[in-house]
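Novice: give me the fold of what follows.
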Amino acid sequence: MTRRNKRKAVLVLFLVVLFALPGMMLFAGGQKGEQPDQGAAKVYKIRLHHGGPENDPTHYTAVKFKELAEEYSEGRLAIDIFPNLQLGTEAESLQVLRLGDIEMYIPYIGNLTPVAPSSGVLMLPYIWKSRDEMKRTVDAVYDDLNERIIKESGTRLLAVCPYAYRVLANSVRPVETIEDIRGLKVRVSKSNIPILAFKAWGVNPTPLAWGEVFTALQQKVIEGIENPYTVLVSTKFYEVTKYVTEIHYLLESKPIMMGEKYYQSLPPDLQSVVKKAADETREYIADQFENKWVAEAKETLVEKGMVLLGPPKDEDEWERLARSVYPQFYDSMGGKEWVEKFIEVKDSVN
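Specialist: Sure, this is the predicted structure:
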């Protein structure tokens, strides 16, 4: 090729590139003059941890929240669920939630109280007559309660999901009166609230880590537990217990928690999204427990050979004794003034 032809070829190539460039920019940016990816919304990734197996209502709570939050955020929130305490124990998870190493956690309320004592009012024995009563009360006191929890633990309460009453299951004998429970070795969570309640009933309770409970029942280290009907099914406790007494001393609840640092990092519209998703999850979960899950769990337990005894014949006495220890909870629940204010609000809205 001659020098002249080479010059022509270079010129032609230059002109091709020059005229093709606007089209290439249009293709890459979507509109003429628009920079690539400038309009792409940031995706906020959330690790949502909990301690239940995948056939447990705690997991269903996480799945429902994920579904709603991702829908309402139009994909700007991406939530990965980690069940079965995959990311650490209950105590560890609350600490890393506070530090920001995970973003969300759904603990049993009794495991929240050691780091957020003011939340203990939700566990006062025999305080709740129904799930609706709990929901109305928490709604009425939400701002004050959340401010206390944030200050005490560095974590934020998005919603409290009312689950089911924790019933008494044991492997020794039918418990139909207060006298029948005395002498039983009953496991309770590591919270002062069930410990003092069971002591008031004449039981020396055994606080035990959750992961040790099934084996302890097999080996007769303990003889009884207090958990909702649904947990007796999901953890197969029907294999190591026989009799169930339907006490109503503690309506179990699971709070949907988010680390406060992470919450504050979200744009205001996404803060509204996670609160809305949590509130709607609460309604869904309460409805499922009320109308489906407890009834199904009872049927399964009967099929597995358990004996469901119903409430104690003298439950009024159980309630009287449990309420008698309320003053012993004041110091571990944020003080007498806070506990009395909470009870006053509950009575005023129900």
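Novice: before we move on, could you check phi and psi at Ile285?
Specialist: phi -60, psi -40 (degrees, to the nearest 10).
Novice: now do the helix or strand where Ile256 lies: distance to the chain's middle.
Specialist: Secondary structure from DSSP states H and E places Ile256 in strand 251-259. Put simply, strand 251-259 sits 4 Å off its chain's centre (C-alpha atoms, centre = their mean, to the nearest Å).
Novice: repeat for stretch 271-284
Specialist: That offset, for stretch 271-284, works out to 13 Å (C-alpha atoms, centre = their mean).
Novice: identify the residues contacting it?
Specialist: With contact meaning C-beta atoms under 8 Å, 6 or more residues apart in numbering, stretch 271-284 is reached by 61, 64-65, 68-69, 72-73, 77, 135, 158-162, 256, 258, 263, 266. C-beta: built from backbone N, CA, C; applies to glycine.
Novice: go through the strand holding Ile256 and flag the buried ones.
Specialist: Leu251, Glu252, Ser253, Lys254, Pro255, Ile256, Met257, Met258, Gly259 (16 or more other C-beta atoms under 10 Å).
Novice: which ones among the contacts of stretch 271-284 map onto strands?
Specialist: Members of the contacts of stretch 271-284 lying in strands (criterion: DSSP state E): Leu77, Leu158, Ala159, Val160, Cys161, Pro162, Ile256, Met258.
Novice: from those, which would you call buried?
Specialist: Leu77, Leu158, Ala159, Val160, Cys161, Pro162, Ile256, Met258.
Novice: what sits closest to Val175 if chain neighbours are left out?
Specialist: Computed as C-beta to C-beta, 6 or more residues apart in numbering, the closest residue to Val175 that is not its neighbour in sequence is Thr245, at 4.4 Å.
Novice: what residues does the helix or strand hosting Phe342 touch?
Specialist: Phe342 is part of helix 336-349 when elements are defined by DSSP H and E. Applying C-beta under 8 Å, 6+ apart, the external contacts of helix 336-349 come out as 118, 121, 124, 127, 133, 136-137, 139-141, 144-145, 148, 326-327, 329-330, 333.
Novice: from these, keep the buried residues only.
Specialist: Here, 16+ other C-beta under 10 Å leaves 118, 121, 124, 127, 133, 136-137, 140-141, 145, 148, 326, 329, 333 buried among those.
Novice: the stretch 51-200 of the chain: helices as residue ranges?
Specialist: Assigned by DSSP state H, counting those that start in this stretch, the stretch 51-200 of the chain shows helices spanning 57-72, 90-99, 109-112, 131-153, 178-181, 192-200.
Novice: so which bits of the last one are buried?
Specialist: Put plainly, it is helix 192-200. Asn192, Ile193, Pro194, Ile195, Leu196, Ala197, Phe198, Ala200.
Novice: including pLDDT, could those residues go into JSON lines?
Specialist: What follows is those, written out as JSON lines (pLDDT from 0 to 100):
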{"residue": "Asn192", "pLDDT": "86"}
{"residue": "Ile193", "pLDDT": "88"}
{"residue": "Pro194", "pLDDT": "91"}
{"residue": "Ile195", "pLDDT": "93"}
{"residue": "Leu196", "pLDDT": "94"}
{"residue": "Ala197", "pLDDT": "95"}
{"residue": "Phe198", "pLDDT": "96"}
{"residue": "Ala200", "pLDDT": "96"}
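Novice: and which of those is nearest Leu112?
Specialist: Ile193 (11.7 Å; C-beta to C-beta).
Novice: and the residue most central in space within the chain, how far is that from Ala164?
Specialist: For the chain, the residue nearest the mean C-alpha position is Ile106 (2.7 Å; C-alpha atoms, centre = their mean). Noted for Ile106: a distance of 15 Å to Ala164, by C-beta to C-beta, to the nearest Å.
Novice: repeat for Thr61
Specialist: For Thr61, the distance to Ala164 - C-beta to C-beta - is 13 Å.
Novice: just put the ones in strands among the contacts of stretch 271-284 in TSV and tack on distance to Arg320.
Specialist: Formatted as TSV, the ones in strands among the contacts of stretch 271-284 follow (distance: C-beta to C-beta, whole Å):
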residue	distance to Arg320
Leu77	47
Leu158	35
Ala159	32
Val160	27
Cys161	29
Pro162	24
Ile256	34
Met258	39
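Novice: so which pair among those residues is furthest apart in space?
Specialist: Checking the ones in strands among the contacts of stretch 271-284 with C-beta to C-beta, the most distant pair is Leu77 and Pro162, at 24.6 Å.
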